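A.B. asks: Sequence first, predicted coordinates after that:
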Number of protein chains: 2
Amino acid sequence: MKNTLIAATMTAAALGGAPANAQGIQVFPSGSSPSVIADPKNFSGQVVVDLLTPPSVETPASSGLVTFAPHARTAWHSHPAGQMLIVTAGKGWVQREGQARQEITSGDVVWIPAGIKHWHGPTDTNGMSHVAITYIQNGKNADWMELVTDQEYQAR
Amino acid sequence: MKNTLIAATMTAAALGGAPANAQGIQVFPSGSSPSVIADPKNFSGQVVVDLLTPPSVETPASSGLVTFAPHARTAWHSHPAGQMLIVTAGKGWVQREGQARQEITSGDVVWIPAGIKHWHGPTDTNGMSHVAITYIQNGKNADWMELVTDQEYQAR
């Protein structure tokens, strides 16, 4: 049994496949992946992203903890398969194009269905952190659009 | 325009469909759904589940915050499309059948691929809370099996 396992592991390694334990339960300790500064093409202001699972792990959604300084925000965007936000700290706004913004605060959960143009971010006085579970469809989890202007951000 | 919207809403309501705003961004304030005591067929000990989105909202995964008292645990089970756990408080164990248990603690993230028989729960001294994102395949997110015995739970 043990020899079979070793042989299988060696074969996978020889073929350039994932190590045998990548098929099992994987624990990612807090802080095991470095934080990433969010791409300024898709975010305004100071935004830090901590991926919850590394990109090498295939999952049906990408997942990250996103931390925004006050005034920061995403660009306008939509999701091909929807996104769930779990607000873990602070206070923020989420706005669908053409509608009033909604206030969100620690403990609130947001469901953004597929295909809805929107942005989210903290308020202008308080930062916000949220977990984002972003479902992937055909290898893509978001369609990014133009940045949110200061006027759009401040509009009620 | 307004009349068209009202007519559409009334038609949806008359047909028993979802209200028009169910198609938009939905915010679920913290505590807006009552906590549920976990089903003793599938869990041992004191376990409380807070659904993050109500069952009426269709999402590619079910998601809940699960809070275990010390010694509590899930039954043995597997997931048809995998599950991600985000440990939000306390300390726990996750064990794949036939392997040593692994310790998990606040901030850790666990990825459990499809089809792996396992259980998770807190340690025998500390409770644990985790967010569980459980992907749905063909309307199902888990295959539940036998309860974890005290002997299995205490085995290292």
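C.D. replies: Looks like it came in fine. What you see is a predicted model; the values in this text were computed from it and never measured. Residues are numbered from 1 along each chain as shown, chains lettered A, B, ... in the order given.

A.B. asks: Isn't residue A:106 up against residue A:85?
C.D. replies: No. Checked against C-beta atoms under 8 Å, the pair residue A:106 and residue A:85 is beyond contact range at 11.8 Å. Every residue, glycine included, has its C-beta placed from N, CA and C.

A.B. asks: State which strand of chain A is the longest.
C.D. replies: strand A:83-96 (DSSP state E).

A.B. asks: Neighbouring strands of that one in the sheet, and parallel or not?
C.D. replies: strand A:102-105 (antiparallel), strand A:109-112 (antiparallel), strand A:118-122 (antiparallel), strand A:128-135 (antiparallel) (DSSP bridges).

A.B. asks: most tightly surrounded among the ones you listed?
C.D. replies: strand A:118-122 (a mean of 25; mean count of other C-beta atoms under 10 Å in any protein chain shown).

A.B. asks: Quick check: mean pLDDT of it?
C.D. replies: Mean pLDDT, computed over strand A:118-122, is 98.

A.B. asks: Can you name the residues in contact with that strand?
C.D. replies: The contact list for strand A:118-122 (C-beta atoms under 8 Å, 6 or more residues apart in numbering or on different chains) reads A:44-45, A:68-78, A:85, A:90-97, A:104, A:110, A:112, A:128, A:130, A:148, A:152-153, B:25.

A.B. asks: still on that earlier bit, compare residue A:106 and residue A:85 (neighbour count), which wins?
C.D. replies: Higher neighbour count among residue A:106 and residue A:85: residue A:85, with 24 against 15, using other C-beta atoms under 10 Å in any protein chain shown.

A.B. asks: what sits against the residue nearest to the more buried one when sequence neighbours are not counted?
C.D. replies: Distances taken as C-beta to C-beta, 6 or more residues apart in numbering or on different chains put residue A:110 closest to residue A:85, at 4.1 Å, once the chain neighbours are dropped. Contact partners of residue A:110, counting by C-beta under 8 Å, 6+ apart, are A:84-85, A:87, A:94, A:104, A:120, A:130, B:25-28.

A.B. asks: if you set the cut-off to 7 Å instead, what comes out?
C.D. replies: A:84-85, A:94, A:104, B:25, B:27 (C-beta atoms under 7 Å, 6 or more residues apart in numbering or on different chains).

A.B. asks: and what of residue A:53?
C.D. replies: A:28, A:59, A:63, B:84, B:109, B:111.

A.B. asks: For residue B:65, see how far away the third one is.
C.D. replies: Going back to what we said before, that points to residue A:63. Going from residue A:63 to residue B:65 by C-beta to C-beta, to the nearest Å gives 15 Å.

A.B. asks: List, one by one, the residues from chain A near chain B.
C.D. replies: Counting by C-beta under 7 Å from any C-beta of the partner chain, chain A comes close to chain B at A:23-30, A:52-53, A:57, A:59-61, A:63, A:81-82, A:84, A:86, A:94, A:96, A:102, A:104, A:107-113, A:116, A:118, A:131, A:133, A:135.

A.B. asks: residues near residue A:68, how many?
C.D. replies: 26.

A.B. asks: Tell me the bridge partners for it.
C.D. replies: Beta-bridge partners recorded for residue A:68 (DSSP bridges): residue A:47, residue A:128.

A.B. asks: mean confidence score for the longest strand of chain A?
C.D. replies: Rounded mean pLDDT across strand A:83-96 is 98.

A.B. asks: before we move on, back to that, for the residue nearest to residue A:85, give me the pLDDT.
C.D. replies: So residue A:110 comes in at 98 (pLDDT).

A.B. asks: again, but for residue A:153
C.D. replies: pLDDT, the model's per-residue confidence, is 98 for residue A:153.
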